[in-house]
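Undergrad: whatever this is, show me its structure:
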Amino acid sequence: REWMRRAADVLPRWTPLREALTFGPCDRRDPPWRRTTAAEFATEKRRIRPVDAETAGAPWIHLATNGSAGYRMFTHWYTLFLFDDGPTDLYYKRFARDRLRYVDEIVCAAGRVSRAVAAASTQLGGRGYAAAHIRRGELQYVSVRLGAEQWLDALKEWVSEEEVLFVLSDEADRTWFAPLERYFRGVFYLTDFEAELEGLSDPNMRGMVEQLVAAAPPCRSFTGTFFSTFSSYVARLRAYYGHAANTFFYAAPEPKTRVLHDVSDAIAAPFYNREWPLAWTGIDAPPPVAPRPVRPLVPRNLLADLPPIKAHYPKQALQQQARERAAKGGGFKPPP
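TA: Numbers count the residues shown, from 1 in each chain. A predicted model of the protein is given here:
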């Protein structure tokens, strides 16, 4: 990281959780491409920080994200940057969708697994498959840490017992899933499809394969774990693949189960805990036919940098929460 800081032309001290960066005024909507203003985008939690012409024109911008120094990205890129020109705003959203993606090896493996799950569903007499990400590992949010019966109660609301369920989970004990296996037509895990994964060069790719299986066109619905960025990226992938908003759910907490059914461009702090339709709504809107005037960037930003906030991983708090859950029978061991 140090060589990148030395080599960069500009090293801005941006604070993504407290600033919204705008390329141009963004003081009015630019439909159908951009349907939000800078003030709405910033929300009441952040100040608007215009990106000046000097910074925007630099060949190499290195955004410092050193947590120990008090600068953390900790947000989605599309909740940080807003472009005054609506077509440009959508261009970069499409660029992220089409170019910042998993390598072909992962995509092809996921395609094989997805077809195998769909075939297994047909063989069992099911009507498609659903997927669920059941996060069981180190997770400090008690409100989303559910038992197997609670997961089943949540899934029953939108997943038919006639469907096959594909489970994404870090839970190694398969007996934990017994209530789900008794209820659904069939329950499958990635380990059931080792033949389709043959030749995968890196075991760390397996989680990415799972995400794509849960986002693939044959997957009728997906239920995630709120606060999990692993789950939330599946939501964005499903939107990229054309799934309807009402096919994504969270198991808990109850007010969040259908939060992604709202397809407005509104975002809210803390931004990182879920994905937002702002990333994909209208992403393929055709560009304007005639050239449009471009409003210039400010020559130089006169805003002073916000002071860094040094945050520390709340290890002691997590240990205490884990002990409390274990005392209630959760069986979760606190982190060392």
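Undergrad: quick one: mean pLDDT over the lengthiest helix in the chain.
TA: For the chain, the longest helix by residue count, based on DSSP state H, is helix 104-123. Helix 104-123 shows a mean pLDDT of 97.
Undergrad: what about it, distance to the chain center?
TA: 22 Å (CA atoms, centre = their mean, to the nearest Å).
Undergrad: show me what counts as buried in it.
TA: Neighbour-count burial for helix 104-123 flags 106, 109-110, 112-114, 116-118, 120-121 (criterion: 16 or more other CB atoms under 10 Å). Yep, even glycine has a C-beta here, placed from its N, CA and C like the rest.
Undergrad: can you name the element that comes right after it?
TA: Next along the chain after helix 104-123, taking DSSP states H and E as the criterion, comes strand 129-134.
Undergrad: give the pairing partners of that following strand; include direction for each.
TA: strand 164-169 (parallel), strand 219-224 (parallel) (DSSP bridges).
Undergrad: coming back round to it: what's the closest of the buried residues of helix 104-123 to L190?
TA: V113 (6.9 Å; CB to CB).
Undergrad: which of the helices or strands spans L212?
TA: Here L212 is covered by helix 206-215, with elements defined by DSSP H and E.
Undergrad: which residues sit against that helix?
TA: With contact meaning CB atoms under 8 Å, 6 or more residues apart in numbering, helix 206-215 is reached by 102, 106-107, 109-111, 113-114, 117, 131, 133, 166, 168, 190, 197, 200, 219, 222, 230, 233-234, 237-238, 240-241, 243.
Undergrad: tell me the SS of the residue lying farthest from the centre of the chain?
TA: In the chain, the residue that sits farthest from the middle, by CA atoms, centre = their mean, is A290; the gap is 35.1 Å. Secondary structure, DSSP: H, G, I helix; E, B strand; the rest coil: A290 is coil.
Undergrad: give me the distance from stretch 198-205 to the chain's centre.
TA: 22 Å.
Undergrad: stretch 31-44 too?
TA: With CA atoms, centre = their mean, you get 20 Å for stretch 31-44.
Undergrad: between the two ends of that stretch, how far is it?
TA: Between the opening and closing residues of stretch 31-44 lies a distance of 23 Å (CA to CA, to the nearest Å).
Undergrad: same check, this time on stretch 200-219
TA: Distance across stretch 200-219, first residue to last, is 22 Å (CA to CA).
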